[in-house]
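Chemist: what would the 3D arrangement of this be:
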Amino acid sequence: MKTFSLIFAIIAALFTIQNAVAQSKIDVPVNSKIEQKPKLVYDADLAKRLGGDQRGMRKYVLAILKTGPADITDKEERARLFKGHFELINRLAKERKLSVAGPFTDGGEYRGLYVFNVETIEEAQKLTESDPSIKEGIFRVEFIKWYGSAALMEVNNIHNRISKQD
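Modeler: Below you'll find the predicted structure:
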């Protein structure tokens, strides 16, 4: 039940994110009333580039990071492993294999999330095999397929424009 609640919370958060991203592509008149629905402006080229289907949706795989069995207390070793973890995140984002990633706050054993731009769990597993924090047991990972807005593919582009540091 706890896992279901967490997955539901993750999906709700992702819908909030994708709605915010989608708003950047919607033309809303300046003096419009809140009750009015925004005018949708379909962009076939953008939909194709982002891999969106007729609904503007696409397949992803969520990778939920949970606390692993390893208890690595050596600060230098932990720093080395997390350096590799963040390098992997940045590389996969640049390769457009990773749409969203981040840690949970106050998640207990649930530590973080990857939203992979892949269609199968096997593809996502291959991507996580090179994460040193997973390989060394700091994290263990669970995978689940997810169908969400193709607009999530723009999150990294937007993030790069609003982040002051790497």
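
Chemist: which residue sits closest to the spatially most central residue of the chain, ignoring its sequence neighbours?
Modeler: Central residue of the chain (CA atoms, centre = their mean): residue 100, 2.2 Å from the mean position. Distances taken as CB to CB, 6 or more residues apart in numbering place residue 115 nearest to residue 100, at 4.2 Å, with adjacent residues excluded. Bear in mind the C-beta positions are built from the backbone N, C-alpha and C, glycine included.

Chemist: now do the helix or strand where the one you found lies, average pLDDT.
Modeler: Secondary structure from DSSP states H and E places residue 115 in strand 110-116. Averaged across strand 110-116, the pLDDT comes to 96.

Chemist: report the buried residues of it.
Modeler: Within strand 110-116, the residues that count as buried by 16 or more other CB atoms under 10 Å are 110-116.

Chemist: how about residues contacting stretch 113-131?
Modeler: For stretch 113-131, the surrounding residues in contact (CB atoms under 8 Å, 6 or more residues apart in numbering) are 10, 14, 51, 58-65, 84-85, 88-89, 92, 96-102, 104, 134-135, 139, 141, 143-146, 148, 152-153.
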